[in-house]
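In: model the structure of this input:
(chains A and B)
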Amino acid sequence: MTTARPNGAGAAAILAAGIGAFLVAVIAILADQSAAIKSAMIFSKPTGPLSGVTTCAIVLWLASWAVLHARWRNRSVALARINAAAFALLILGLLLTFPPIADLF
Amino acid sequence: MEITARGLWTLIHGMGFGALYLMACSGALVQFYRCNCAESATLPTDRDEKFLRIYLVAMAALAWLAVLTGAYIIYPWYRAVPPLGTADLAAFPQRLLLASSATSGWHAIGMEWKEHVAWIAPIAITMAAGVVLQYGRDLKNHPQLRAALLGFVWISLVAAGVAGFFGAMINKNAPVEGGPVIHIVEGEQK
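Out: Numbers count the residues shown, from 1 in each chain, chains lettered A, B, ... in the order given. Predicted structure coming up:
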């Protein structure tokens, strides 16, 4: 099967999305564990620390997408490994947002 | 028939954006599953591809609207702190839930999970939309990309489903109400 475009751009998007999902959970846990981080995450007072946690996660997700896209867009990469890493991060993100698991840290 | 302004916003967030997103997931899953069937008898046409692009962009818009209205409009009402000495906590849903061991779990697990897990949905679907926009019909040459998109859309459905379920149950136990009352239909006089 001939491939018209390298898979790098797609791989960048997929891995970045996994990173973004993971970061939502990690930053939330950090804010929960540290009063200083929790206070720093109050970007919008009515919304509280959730505003900073999600904003930081989104900014870092988009930044990682931009960086990975710049590096991989004209290349073909080992997509099977990247998919595995992205899904591992995604599943971890899903699980680490679950309070009984998040509270273990 | 009437509803308060806060109740209306909760409806828009949950039913307008959230539920519509959940329903739209089924269409996206069917489409990605069909794309993954290499033996598909018909190749997607230009029209199919254009429809999928618009569909996924619309889904991404719904997901972002759901999380943003949730976090910045409804959540502040939900987590509002009652003045000292307030006995009736009906206008303070979070405090109402936490006031009883029978309902505190809806906040401790439900809201605490929902407020974070929901954000995975717009991240995942925006990625899917971005990849489809970039690759278009060339996606047929990338089975691993297609498989990843299918997987991410599945996870976005799970994340949105968790958020939707707990949102509904939290609102059932401690509804976000208040603000001006909107009269929809005048009832029959008996």
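
In: so which residues on chain B come close to chain A?
Out: Residues of chain B found near chain A, taking CB under 8 Å from any CB of the partner chain as the criterion, are B:67, B:71-72, B:75-76, B:79, B:108-109, B:112-113, B:115-117, B:119-120, B:123-124, B:126-127, B:130-131, B:134-135, B:138, B:141-142, B:144-145, B:147-149, B:151-152, B:155, B:158-159. Quick note: C-beta positions are derived from backbone N, CA and C, even for glycine.

In: what residues are up against the residue nearest the centre of chain A?
Out: In chain A, the C-alpha nearest the mean C-alpha coordinate belongs to residue A:20, at 1.5 Å (CA atoms, centre = their mean). Taking CB atoms under 8 Å, 6 or more residues apart in numbering or on different chains, we find residue A:20 in contact with A:57, A:58, A:60, A:61, A:62, A:64, A:65, A:93, B:123.

In: pLDDT value on residue B:186, please?
Out: You'll see residue B:186 listed with a pLDDT of 82.

In: likewise for residue B:44?
Out: Among the per-residue scores, residue B:44 holds a pLDDT of 69.

In: same question, residue B:137
Out: With respect to pLDDT, residue B:137 has a value of 86.

In: before we move on, what about residue B:1?
Out: The predicted structure lists residue B:1 with a pLDDT of 89.

In: again with residue B:109
Out: Reported pLDDT at residue B:109 in the predicted model: 96.

In: burial measure for it, as a count.
Out: 14 (other CB atoms under 10 Å in any protein chain shown).

In: could you list every residue that touches the closest residue to it other than its chain neighbours?
Out: For residue B:109, the nearest residue in space outside its immediate sequence neighbours is residue A:99; the separation is 5.2 Å by CB to CB, 6 or more residues apart in numbering or on different chains. Residues in contact with residue A:99 (CB under 8 Å, 6+ apart) are B:108, B:109, B:112, B:113.

In: 6 Å instead?
Out: If a contact means CB atoms under 6 Å, 6 or more residues apart in numbering or on different chains, then residue A:99 has B:109, B:112, B:113 as its contacts.
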